[in-house]
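# Got a sequence here, can you build the structure:
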Amino acid sequence: MTQLEQQDIDVDALMRQIRSEIASRAPYAPGHDQWASGSHRPGVVYGDASLPERVALPRLPESAGIIARKPAYAISDFLDYHDEDFVCNAYRGLLGREPDAEGASRFLAKLRSGLLAKVEILGRLRFSPEGRAGAVPVSGLLIPFGLRTLRRIPVLGHVLGIFQYVLRLPGIVRNLERLESVVFLHRMEMRHGINAIEGEIEVALQRIQEVTADHINVTVATIAEGLASKVERPEMKMLAQGKADLAQFNALAEKSRAVERELRALVEALDQRVAEHPPRAVVIEAIAAATAAKADAGRVDASLAVVGKQLLNYRQNLLEQERRLGILLEEASKRLPAPLDAKQLDAMQEEQRHLLDGFYVSFEETFRGTREDIKQRVEIYLPYIRAAGAGTATASVLDIGCGRGEWLELLQENGLKALGVDMNRITTADCRARGLEVTEADGLNHLRGLPENSLGAVTAFHMIEHVRFGQMILLFDEVRRVLKPGGVAIFETPNPENLIVGACSFYNDPTHQRPLPPEPMQFVLNNRGFTRVEILRLHPRTDIPPPIEEADGLRAEIIERLYGHRDYALIGYRS
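Modelled structure (predicted):
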């Protein structure tokens, strides 16, 4: 240790040296750049309380609210809620109880998947036996629920839905604009909240800075006072005390830096949390609106696609009519001024039979379904074809009234030999373009030109309801004649056991003659020499109501008649 000589000490010079040393060791002193980067927001008053160790974020509410039980409601009282809140409040308001687990999960799943709308759930609860017993009035529910129910009807409901969504397009656009404004408003509110938290953090850090600076000034003043008094000439003692105070200041400065790092990490975590987890109500509303907008846009696109197909069919029909008119004019010009002979009259009559070819193609494109749908439906018959040994070069399959050729295409994809016959010139040309073997002819006349025992299977899908009963008998007889022993015949037709089919949708096709009930048609095939004739009922509606008690026989019968199988097939064999 160096021995200090007793001499007068320049206090001012020593103070300047100490302050210089402290300034060089205090990177977070007032005026430093890291502190200058923040700014205190005017208009906000902060207390002098010490900074807390952590900031606790409030928990978001778990529910948007509970509807108050009232003697009567408007439909808007329920529609303001979403998802679980909507289902729970619908039960509370209409049935006066909490939802049971099974009912809540079923309605919630259908609501989230889009199979049921809110109005339909309200209507089913209100007009259920329990809801009718409570008889809670809900103004504005009956008409929307009725329209939604009508939209479940095939064809009519589809057309009604298209018009409804076209009329709703302006409202959908307004809702999207409102959603955009609400989301922006919530973002601004969150941003203001973050800014307020940042202001509090900066004030807390500034308070730490002020406390640190006060401590430094007190320490320096103490050292200066001790040096000036020179009590017991304790130069070394005073310097040691100053060094201890300086070490204490450094520890405090390090602690303040740690606090600053923790606060900045907290701000970053808060920003990330707000960005990743916006308020629950905003997220639910945004998802619901986006889903509804996407569904509406999808329906509009589907409608435009249907219109595009119709325009294409109209163009094909127009070209076909122009070609037919040219043929008629050419035949007429050959004989003018002489009268037309029998050959020319036959040519004109043949063209007359194709007058509605284009119309029927357009009709099937609208009401029959897509090619993929039809191929999926007729796939059920492949095991019958294979079991009969049909589909080979010596026992091929003949499809009468093959139409667009979906069944022929499916047979070809499965390595089975198949032929088709149809009177529509447009569809036969389209089938040939797809590489299918199709003949343009009347089905009965084509069968009469085939040798006996020459086919392994004969099929006709939605064809026998187009012919008169006498022609049907002749058709069955010719089919049995051309089949090999053990060959199979399959005839699919609409099922009038379904009341909606028998009373309505069967007559969508103006070329249909009359509905054909299953059991009488089974008798006809047996009578014409077919054996092992079975009835295969097909294509029930998928939106069947929930299961009912077996004891409720009348209601079960009604549901079966309304939602049951819409088609059936007669499958018979040649002995």
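
# Could you look up the SS state of Gly415?
Each residue gets one of three states, and Gly415 gets coil by DSSP: H, G, I helix; E, B strand; the rest coil.

# Need the pLDDT of it.
pLDDT, Gly415: 96.

# residue contacts, it?
Gly391 (CB atoms under 8 Å, 6 or more residues apart in numbering). For every residue, glycine as well, the C-beta is placed using N, CA and C.

# Can you give me the distance of it to Tyr384?
16 Å (CB to CB, to the nearest Å).

# do Ile197 as well
For Ile197, the distance to Tyr384 - CB to CB - is 73 Å.

# Repeat that for Thr511.
Counting by CB to CB - Thr511 and Tyr384 are separated by 27 Å.

# got it, and Leu419?
17 Å.

# The nearest residue in space to Arg532 that is not next to it in sequence: what's it in contact with?
Nearest residue to Arg532, sequence neighbours excluded (CB to CB, 6 or more residues apart in numbering): Tyr573, at 5.1 Å. Tyr573 sits next to Ala388, Gly486, Gly487, Val488, Ala489, Phe530, Thr531, Arg532 when contact means CB under 8 Å, 6+ apart.

# Going by secondary structure, Tyr573 is in what exactly?
Taking DSSP states H and E as the criterion, Tyr573 maps to strand 565-574.

# ok, for Arg574, nearest residue in space, not its chain neighbours?
Closest to Arg574 by CB to CB, 6+ apart is Leu483, at 4.3 Å.

# Who is the one you found paired with across the strands?
Under DSSP bridges, the beta-bridge partners of Leu483 are Leu455.

# Settle this for me: it is touching Pro451, isn't it.
No. The pair Leu483 / Pro451 is not scored as a contact, 11.5 Å apart, by CB atoms under 8 Å.

# Which one of the two is surrounded by more residues?
Leu483 (26 against 8; other CB atoms under 10 Å).

# got a list of what that one touches?
Contacts of Leu483 (CB under 8 Å, 6+ apart): Asn453, Leu455, Gly456, Ala457, Val458, Ala489, Arg574.

# Now for the closest residue to the first one other than its chain neighbours: which residues touch it?
Looking back up the chat, that one is Asn453. Nearest residue to Asn453, sequence neighbours excluded (CB to CB, 6+ apart): Lys484, at 5.0 Å. By CB under 8 Å, 6+ apart, the contact set of Lys484 is Ala395, Asn453, Ser454, Leu455, Gly456, Arg574.

# after the helix or strand of the chain at the bottom of the mean pLDDT ranking, next one along is what?
None of the helices or strands of the chain scores lower by mean pLDDT, DSSP states H and E than helix 33-36, at a mean of 38. Using DSSP H and E, the helix or strand that follows helix 33-36 towards the C-terminus is strand 73-74.

# partners of that following strand, with directions?
In the sheet, strand 73-74 lines up against strand 138-139 (parallel) (DSSP bridges).

# Touching, Val482 and Gly449? I think so.
No. Applying CB under 8 Å as the test, Val482 and Gly449 come out as separate, 9.7 Å apart.

# So for those two, which residue has more residues nearby?
Val482 (21 against 10).

# Now do the contacts for that one.
Contacts of Val482 by CB under 8 Å, 6+ apart are Leu398, Leu447, Leu450, Pro451, Glu452, Asn453, Ser454, Leu455, Val458.

# Surely the fourth one is within a helix?
No. The assignment for Pro451, made by three-state DSSP, is coil rather than a helix.

# Now it: closest residue in space that isn't a chain neighbour?
Spatial nearest neighbour of Pro451, excluding adjacent residues (CB to CB, 6+ apart): Val482 at 7.4 Å.

# now swap in the third one and tell me
Once its chain neighbours are removed from consideration, Leu450 has its nearest residue in Val482; the separation is 4.8 Å (CB to CB, 6+ apart).

# how near is that neighbour to Val467?
17 Å.

# can you give me the strands for this structure?
Applying DSSP state E to the chain gives strands spanning 73-74, 138-139, 397-400, 418-422, 438-440, 455-461, 483-494, 530-540, 565-574.

# in its sheet, what does the fifth one sit against?
Here strand 438-440 has these sheet partners by DSSP bridges: strand 418-422 (parallel).

# outside of the strand it pairs with, which residues touch it?
391, 396-403, 405, 407-408, 411-412, 428, 431, 436-441, 443, 446.

# Repeat that for stretch 464-471.
Contacts for stretch 464-471 (CB under 8 Å, 6+ apart): 401, 444, 472, 475, 491, 493-494, 506, 511-516.

# Flag every buried residue along it.
Ile464, Glu465, His466, Val467 (16 or more other CB atoms under 10 Å).

# Which one of those residues is nearest to Ala251?
Each of the buried residues of stretch 464-471 was scored against Ala251 by CB to CB, and Glu465 proved nearest at 97.0 Å.

# Against Phe506, how distant is the closest one?
8 Å.

# shared neighbours, those two?
Common contacts of Glu465 and Phe506 (CB under 8 Å, 6+ apart): Pro494, His512, Pro515.

# Tell me the most packed of the contacts of stretch 464-471, by neighbour count.
So for these (other CB under 10 Å), the most neighbours sit at Phe491, 25 neighbours.

# Quick check: bridge partners of it?
In this entry, Phe491 is beta-bridged to Ala460, Leu570, by DSSP bridges.
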